[in-house]
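>>> here is the input, now give the coordinates:
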Amino acid sequence: MRRAYFKMILAMFLAGSSVVTNKVLVENVPVFVASELRFLMATMILVPFLFVYEEVTKVCKKELFILFLQALTGVFLFSICMLYGLKYTTALEGGIITSTLPAVTAVCAFFIIREKPSFKVLIGIGLTMIGLACIQTAGVSQVGGGLAPLIGNGFIFCAVISEALFVLLGKISSKRHSPLVIATFVSAIGSILFLPFAIYELRLFSFRELSLIDFGIIVHHGLFVTVVAFILMYQAVREIPANQAGVLTGVAPLSAATLSFIFLREPFSFGHLVGMILVLLAVCLIAYGKNRKIEHHA
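Modelled structure (predicted):
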């Protein structure tokens, strides 16, 4: 069990680092091109490992549809909303807003798998909304912030909703398939979804414009944020109860906020601090308020 906790923490740390590196990447590389390169690289790495180390089980239409929904939400929509959001807001604010993932996951669980939230979960959701308001206010008034914090933070929050659906669908898939199988299928489907949009953007973009830093970020996204983080997360959610996994997702925004302050020197205001505290308090309330195991209905 301790190994599962460590895997989830490491996966969330890698996920949080992508917020900072994406902020740098979208300044030079179009959104769809960057995403296509990431998941194409991940697919090229995962497919050989899949055939060498695993016996691929048959995937029925119903299971393939769930894997497609995972790629659509956690790969395609998440990447679009995150990358476009970072064009208008700071990586620091984006990282803090991703702290709402446990609250959003609880809401999605209520509507999708009919899990009734406890009173503590409802309080946590309320605190999350107040924390978001603090972050939004700080983003508008902060000198040196993003181009349009309200728009950017809205995109980031949509990315959080996509990630929440991705986590719930991942719990369903992990009951039938191994982490390597899921990660391979999700990455391959994601690369297919991004391909036509990437081809369109390539009309005005040349790979010669890629700097060494841009190439390094793409490798980091493909190898660590996608391959390593996906496999670690799927391995962890098979063993960790849903409420405890929700607590550990708080590592991602803390990683993003810390790294953005260290490497990007982005401003950190009192409003950001208040918002972070409220959101983290909500994470704790939701985690300790969910005492029932989540039952997933395929």
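>>> hey, let's count contacts and neighbours off CA atoms from now on
Noted.
>>> burial count for residue 48?
12 (other Cα atoms under 10 Å).
>>> what pLDDT does it get?
For residue 48, the pLDDT comes out at 92.
>>> spatially central residue in this protein, please.
residue 163 (5.1 Å; Cα atoms, centre = their mean).
>>> which SS class is the nearest residue to that residue once chain neighbours are set aside?
Spatial nearest neighbour of residue 163, chain neighbours left out: residue 74 (5.0 Å); criterion: Cα to Cα, 6 or more residues apart in numbering. Under DSSP: H, G, I helix; E, B strand; the rest coil, the three-state class of residue 74 is helix.
>>> cool, and residue 265?
Applying three-state DSSP: residue 265 is coil.
>>> and it, its phi and psi?
Per-residue torsions, residue 265: phi 60, psi 40 (degrees, to the nearest 10).
>>> swap in residue 213?
Backbone geometry at residue 213, expressed as degrees, to the nearest 10, gives phi -70, psi -40.
>>> for residue 14, see how far away it is.
Distance from residue 213 to residue 14, counting by Cα to Cα, to the nearest Å: 18 Å.
>>> the two - which one has more neighbours?
Counted by other Cα under 10 Å, residue 213 and residue 14 do not tie: residue 14 has more neighbours, with 23 against 12.
>>> just give the nearest non-adjacent residue to the more buried one, would you?
residue 225 (5.5 Å).
>>> and for the one you found, the neighbour number?
Residue 225, neighbours per other Cα under 10 Å, totals 23.
>>> just the one 4 residues further on next, same as before
When neighbours are counted by other Cα under 10 Å, residue 229 registers 24.
>>> before we move on, the earlier item: my read: the residue nearest to the centre of the chain touches residue 73, true?
Yes - using Cα atoms under 8 Å, residue 163 is in contact with residue 73, at 6.6 Å.
>>> quick one on the thing from earlier: for the residue nearest to residue 14, list the residues it contacts.
11, 14-15, 18 (Cα atoms under 8 Å, 6 or more residues apart in numbering).
>>> quick one, helices of this protein?
2-25, 31-53, 61-70, 78-88, 91-97, 101-112, 119-141, 149-173, 179-201, 212-219, 229-237, 242-248, 251-263, 270-289 (DSSP state H).
>>> quickly compare the ones you listed and say which is most buried.
Among these, helix 91-97 has the highest mean neighbour count (mean count of other Cα atoms under 10 Å), at a mean of 30.
>>> and that one, what's its mean pLDDT?
Mean pLDDT, helix 91-97: 70.
>>> and stretch 223-234, by the same measure?
The average pLDDT for stretch 223-234 rounds to 90.
>>> first-to-last residue distance for it?
Stretch 223-234 has its terminal residues 16 Å apart, counting by Cα to Cα.
>>> in terms of contact, does residue 169 touch residue 65 like I think?
No - between residue 169 and residue 65 there is no contact under Cα under 8 Å: 10.6 Å.
>>> name the nearest residue to residue 230, ignoring sequence neighbours.
residue 183 (6.0 Å).
>>> roughly how far apart are the one you found and residue 261?
31 Å.
>>> ok, residue 66 next?
37 Å.
>>> check the helices of the chain for me: which has the lowest mean pLDDT.
In terms of average pLDDT, helix 242-248 trails the rest of those, at a mean of 64.
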